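> Sequence and predicted structure, then a few things I'm wondering about:
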Amino acid sequence: MINEIQSELEKYADEKTKIGAENYLKGSTNRGLKMAKVIEIYNNFKPRIKNLSQDEKVKLSIELLKSKYFEDKTIGIRILEHDSKVLDKRILNEFYELFDTYIYEWATCDVLSSKVISKIILNNKSAEQIMIKWSKSNKVWAKRASIIAFVNLAIKYDYDRIIIKIASNLIKNNFRFIQLAVGWCLRNLGQKNQELELNFIRNNYKYFSREGLRYATEKMKPELRAKVLKNEL
């Protein structure tokens, strides 16, 4: 089926769309399809995908994630997202092997982390420890995924201790996309537990990039934000 999906995607490839997408999705390689068309193609295959076994779905998804094209990866993630509640945490090991080799830009990393990995975490308590392990790995995109997976969870669920642990492992890394990820997650954590966020910033101020700090303070009241940005806490 993978050949059929890829052939269908290639049929609608457009050079102008490709150039625009690659200018926005820095680091990605695109066929050149609007996202609406990618979703339409996925939906056309969805009835056949639904009839696959769980193992077959995972295998198809992983092969699509190994494609160099962002559109292929997007469909791979869509397949996984549809069954994310029943995915075993062991699939995280397969994801880990993809980072830096097949997942090497923010768009794929973030969609996989927020749409699939975050749901695995919700359903598997021990997955938290896997994210801590990723945050200490030598794979930069696994590091980013380890905290992006908690960005949407930070507001609604009690992952405060885990988020601070992961952020502590990442904050000294000056890679832009890791700094931004830490900032985004702290921003959301702060909406629920601002004192915890402020304590983290106080203790780690010197390690923040200016951009990362701006994102971390984005939801603060203007007066407080101004103090934090000037390191006047």
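Okay, I see it.
> which SS class is Lys26?
Here Lys26 is recorded as coil under DSSP: H, G, I helix; E, B strand; the rest coil.
> That one touches Trp106, doesn't it?
Yes: using Cβ atoms under 8 Å, Lys26 makes contact with Trp106 at a distance of 7.5 Å. C-beta here means a position set from N, CA and C on the backbone, and glycine is covered the same way.
> quick one: which of those two has more around it?
Here Lys26 and Trp106 are compared on neighbour count by other Cβ atoms under 10 Å; more neighbours surround Trp106, at 19 against 10.
> Could you measure from the more buried one over to Met131?
Taking Cβ to Cβ, to the nearest Å as the measure, Trp106 falls 18 Å from Met131.
> before we move on, which element is the residue nearest in space to the middle of the chain in?
Geometric centre of the chain, nearest residue: Asp110, 2.2 Å, by Cα atoms, centre = their mean. Assigned by DSSP states H and E, Asp110 belongs to helix 106-112.
> CA-only coordinates of stretch 119-129 in CSV, if you can.
Taking Å, rounded to 0.1, in the frame of the first residue of the first chain, the C-alpha atoms of stretch 119-129 are listed here in CSV:
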residue,chain,number,x,y,z
LYS,A,119,-1.1,10.3,24.0
ILE,A,120,1.2,7.4,24.7
ILE,A,121,2.4,9.2,27.8
LEU,A,122,-1.2,9.7,29.0
ASN,A,123,-1.8,6.0,28.7
ASN,A,124,1.5,4.7,29.9
LYS,A,125,2.9,6.0,33.2
SER,A,126,6.4,4.5,32.5
ALA,A,127,6.6,6.5,29.3
GLU,A,128,7.5,9.5,31.4
GLN,A,129,10.8,7.9,32.2
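> List the contacts of that stretch.
Under the contact criterion Cβ atoms under 8 Å, 6 or more residues apart in numbering, stretch 119-129 has outside partners 81, 84-85, 87-89, 91-92, 117, 131, 149-150, 153, 157, 159, 162.
> mind checking how far it is from the chain centre?
Centroid displacement of stretch 119-129 relative to its chain, using Cα atoms, centre = their mean, to the nearest Å, is 15 Å.
> Now that stretch: buried residues?
Within stretch 119-129, the residues that count as buried by 16 or more other Cβ atoms under 10 Å are Lys119, Ile120, Ile121, Asn124, Ala127, Glu128.
> Of these, which is the nearest to Tyr102?
Ile120 (18.6 Å; Cβ to Cβ).
> Wait, Leu80 touches Leu60, no?
No: between Leu80 and Leu60 there is no contact under Cβ under 8 Å: 9.6 Å.
> Neighbour count: those two, which is higher?
The residue with more neighbours, out of Leu80 and Leu60, is Leu80; 25 against 20, by other Cβ under 10 Å.
> ok, back up a step: now the helix or strand just after the helix holding Asp110: average pLDDT?
Counting by DSSP H and E, the next helix or strand C-terminal to helix 106-112 is helix 118-123. The pLDDT scores in helix 118-123 average 93.
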